[in-house]
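Visitor: give me a 3D structure for the following:
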Amino acid sequence: MFQMAKCPVGGRTFAGSRRVRLGDCSPGGRLRLDAAARYLQDLSDDDTRDAGLAQMTWVVRRTVIDVLQFPTYLEPLEMVTWCSAIGSRWAERRVDVASAGGGAISSATLWVHLDATTLRPAPPAEVFGRVFASSAAGRSVSSRLTLDPAPEGLALAPWPVRFADFDVMNHINNALAFAVVEEVLAGRRDLRAPLRVEVEYRSSIDRGVSLGLGVIDRGDTHDGWLVDDQGRCPLAFRIGRPPRLAVE
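Guide: Just a heads-up that it's a prediction; the model follows:
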């Protein structure tokens with residue numbers, strides 16, 4: 001089972017803060033997962049820019065989010081991020097989020113580095129290692145996908161692709177996956193924190209494509225997929241319970 005790396009004693013970390021706003025909350029007042037995903041993404045981008053590496057191009061391959069307790073409306077949040085593992089063409093970034101009211105979220109995201117010209121996976125420049133390797137402390141990470149593809153004959157409900165789902169890179173923003181997860185949670189009112197959500201981005205989602213959402217419930221585990229009109233599965237996710245001890 002995947003385990004979260006602890007915040008390093010040495011090496012680079014980067015902190016930020018923000019407040020849970022109206023548009024980030026569920027009707028019940030908790031922070032939604034798609035909003036949390038934007039927070040994580042923004043802090044990661046702020047760290048990269050602060051390090052002078054804004055020219056590098058990264059895309060998300062996999063995200064794991066553990067929610068021990070959801071932050072709520074208007075709560076101030078303290079966040080910290082660091083590089084927790086490095087591979088040949090990718091790296092893992094951890095983010096911890098905490099609120100004074102006991103809200104606690106931990107995440108680990110695998111980012112793949114792309115060549116700016118070919119947009120294919122490529123080793124990052126040496127400066128990346130000089131800045132971030134110390135916090136990774138020698139840990140390595142694989143880009144291997146761990147969730148199963150969509151099974152044959154999966155019942156699908158239409159999932160519309162909206163203009164607002166595309167970001168400045170002209171691809172579906174990472175937060176979309178967690179909007180899908182929120183829709184699944186809305187239909188399962190007993191499924192609340194503590195939660196672990198795993199998301200894998202298996203391929204790109206292009207404009208004009210038609211998507212369907214399918215979910216299989218297996219006790220405390222809920223597996224889901226987005227499937228396009230060509231039968232491809234660009235997104236897989238799993239909702240379950242976090243391990244008792246999310247540490248190395």
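Visitor: who are the contact partners of the residue most central in space within the chain?
Guide: What sits nearest the mean C-alpha location of the chain, by C-alpha atoms, centre = their mean, is T63, with 3.4 Å. For T63, the contacting residues are 37, 40, 107-110, 174, 177, 197-199, by C-beta atoms under 8 Å, 6 or more residues apart in numbering. Where C-beta positions appear, they are placed from N, C-alpha and C, glycine not excepted.
Visitor: poorly predicted segments of this structure, please.
Guide: 244-248 (pLDDT under 70).
Visitor: hey, which helix is longest across it?
Guide: Assignment by DSSP state H gives helix 33-50 as the longest helix of the chain.
Visitor: check which element follows it along the chain.
Guide: The helix or strand immediately downstream of helix 33-50 is strand 57-69, counting by DSSP states H and E.
Visitor: in that following strand, what's buried?
Guide: Applying a neighbour-count criterion of 16 or more other C-beta atoms under 10 Å, one finds 58-69 buried in strand 57-69.
Visitor: still on that earlier bit, and the contacts of T63 as CSV, adding secondary structure, neighbour count and distance to D96?
Guide: Conversion of those to CSV gives the following (DSSP: H, G, I helix; E, B strand; the rest coil; neighbours: other C-beta atoms under 10 Å; distance: C-beta to C-beta, whole Å):
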residue, secondary structure, neighbour count, distance to D96
A37, helix, 25, 15
L40, helix, 27, 10
S107, strand, 22, 8
A108, strand, 23, 10
T109, strand, 24, 12
L110, strand, 24, 17
N174, coil, 19, 18
A177, helix, 25, 20
V197, strand, 25, 16
E198, strand, 20, 17
V199, strand, 26, 18
